[in-house]
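Student: Okay, here's the prediction I keep looking at, along with the sequence it came from:
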Amino acid sequence: MADQQTEMNEPTLQSAPTEGFGAVLKRTREVQGISLGDMAARSRLSVQQLRAIEGERMDELPEPVYVRAFLRGIAQSLEIDPKPLLADYAARFGSVEVGVLPDHDPSTEIVVHSKQRRLGLNFGLVVLVVAALGAGVWAYLNDEPNTPVQPVENATTTALAESKPATEGAESDAQKSDAALVDKVVTSEANSAEAPATTTTVPAMTTEDPVAQPVTPSAKVVTPKDVQKFADQPVAKANHRRFVLRTTQACWVQIKMPNGKNLFAKEMRANDVKNLEVPVGSKVTVGNANVLTLTVDGKPFELTKVTRNGICRFDVK
């Protein structure tokens, strides 16, 4: 009876419960003196993820395959065997066969920032497009005539130099007729009794080099009355406009007819006056246009509206 009572009073020994993978990781980390922040930097996990793993709160962690990768990486950082930890996690929370665990430390993987590379490529393309547009605008603003202007004395010499009787007889006759009309107006009142004090001398018409011909005392004189009379006369040909050009300083003028021939191409001197009949459809280009005054069919023509960077371009309509 006494033996039975002794057996009943003896305490029953129970085995201590084994630690889970979370408790093992936390105890090992604290023994090694590693904080959660240091462990996050080593394993490339957030502090929240480390706390969830050590507390075994699976609802705060991703799929089991990722959790097993986290356990392997943390164990390698702490230099302990990850197999017991993985076995404990698989027995309680997941199947070992689900997913594939990496055979290396995820912290050593190379991170590729594809979005940044694509952003740099797009920025380079934008720069190229902007540069191309800027070059096109610059070329448009600085556009110059393709053919250089050859200075000649007047429209009559230009028409005679470019005339080809064999193939362009009709065109040469029309140019000579225009030149004869201008010369007729100039000489109509050359011997008038009272000429104004301010006059402009015009060299005599010649087909030779204008530079080699000196101005003789018998040169014809163009008076403001001559210019006004020419401007008031009706146009001799249909589809033509009567131009009167006056300059205050030197500038160059080019008038190209619809057939591509130059009707007038000259560097006009200061205080020079030119009277021309220009076909409709001709192209006019004036350099240093702010020193030129133009009247068309007796009416002033505003060059400032068609002038850009000091160069005036417009079509005769």
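Tutor: On my side now, so go ahead.
Student: Point out where the chain drops to low pLDDT.
Tutor: Scanning the chain for pLDDT under 70 picks out the ranges 1-17, 94-118, 143-236.
Student: Going by length in residues, pull out the top helix of it.
Tutor: For the chain, the helix with the greatest residue count under DSSP state H is helix 114-141.
Student: how about it: buried residues?
Tutor: Buried residues in helix 114-141, counted by 16 or more other Cβ atoms under 10 Å: none are found. Yep, even glycine has a C-beta here, placed from its N, CA and C like the rest.
Student: just stretch 263-276 next, same as before
Tutor: Result for stretch 263-276 [16+ other Cβ under 10 Å]: buried residues 263, 264, 265, 266, 268, 272, 273, 274, 275, 276.
Student: Strands along this protein, start to end?
Tutor: 200-202, 220-222, 240-247, 251-256, 262-268, 273-279, 283-287, 292-296, 299-301, 307-308, 311-315 (DSSP state E).
Student: Rebuild the buried residues of stretch 263-276 as CSV, extending it with distance to residue 317.
Tutor: Formatted as CSV, the buried residues of stretch 263-276 follow (distance: Cβ to Cβ, whole Å):
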residue, distance to residue 317
263, 16
264, 18
265, 21
266, 23
268, 23
272, 25
273, 24
274, 20
275, 20
276, 16
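Student: from those residues, which is closest to residue 291?
Tutor: Minimum distance to residue 291 across the buried residues of stretch 263-276 is 9.1 Å, recorded for residue 268 (Cβ to Cβ).
Student: wait, doesn't that closest one sit right on residue 254?
Tutor: No - at 11.0 Å, residue 268 does not count as touching residue 254 under the criterion of Cβ atoms under 8 Å.
Student: any common contacting residues for these two?
Tutor: Shared contacts of residue 268 and residue 254 (Cβ atoms under 8 Å, 6 or more residues apart in numbering): none.
Student: All the helices of the chain, in order from the start?
Tutor: For the chain, the helices defined by DSSP H occupy 2-9, 21-31, 36-43, 47-54, 64-78, 83-92, 114-141, 155-162, 169-188, 224-232.
Student: so which of the strands of the chain gets nearest residue 43?
Tutor: With Cβ to Cβ as the criterion, residue 43 lies closest to strand 307-308 of the strands of the chain, at 68.0 Å.
Student: Give me the contacts around that closest one.
Tutor: Under the criterion Cβ under 8 Å, 6+ apart, residues 141, 286, 289, 290 lie in contact with strand 307-308.
Student: Now render the residues you listed as a markdown table, adding distance to residue 75.
Tutor: Listed next are these as a markdown table, based on distance: Cβ to Cβ, whole Å:
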| residue | distance to residue 75 |
| --- | --- |
| 141 | 70 |
| 286 | 87 |
| 289 | 86 |
| 290 | 86 |
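Student: Mind checking which of those are buried?
Tutor: The neighbour-count test (16+ other Cβ under 10 Å) marks 286, 289 as buried among the contacts of strand 307-308.
Student: tell me which of the contacts of strand 307-308 is nearest to residue 62?
Tutor: Set against residue 62, the nearest of those by Cβ to Cβ is residue 141 (60.8 Å).
Student: Against residue 140, how distant is the residue nearest to that closest one when sequence neighbours are not counted?
Tutor: Computed as Cβ to Cβ, 6 or more residues apart in numbering, the closest residue to residue 141 that is not its neighbour in sequence is residue 309, at 6.5 Å. In this structure, residue 309 and residue 140 are 11 Å apart, going by Cβ to Cβ, to the nearest Å.
Student: can you check residue 122 too?
Tutor: According to Cβ to Cβ, residue 122 stands 27 Å off from residue 140.
Student: likewise residue 275?
Tutor: Remark: distance between residue 275 and residue 140 (Cβ to Cβ) = 34 Å.
Student: cool, residue 69 as well?
Tutor: Computed as Cβ to Cβ, the residue 69 to residue 140 distance reads 61 Å.
Student: again, but for residue 289
Tutor: For residue 289, the distance to residue 140 equals 18 Å [Cβ to Cβ].
Student: which one among the buried residues of stretch 263-276 gets closest to residue 82?
Tutor: residue 265 (92.3 Å).
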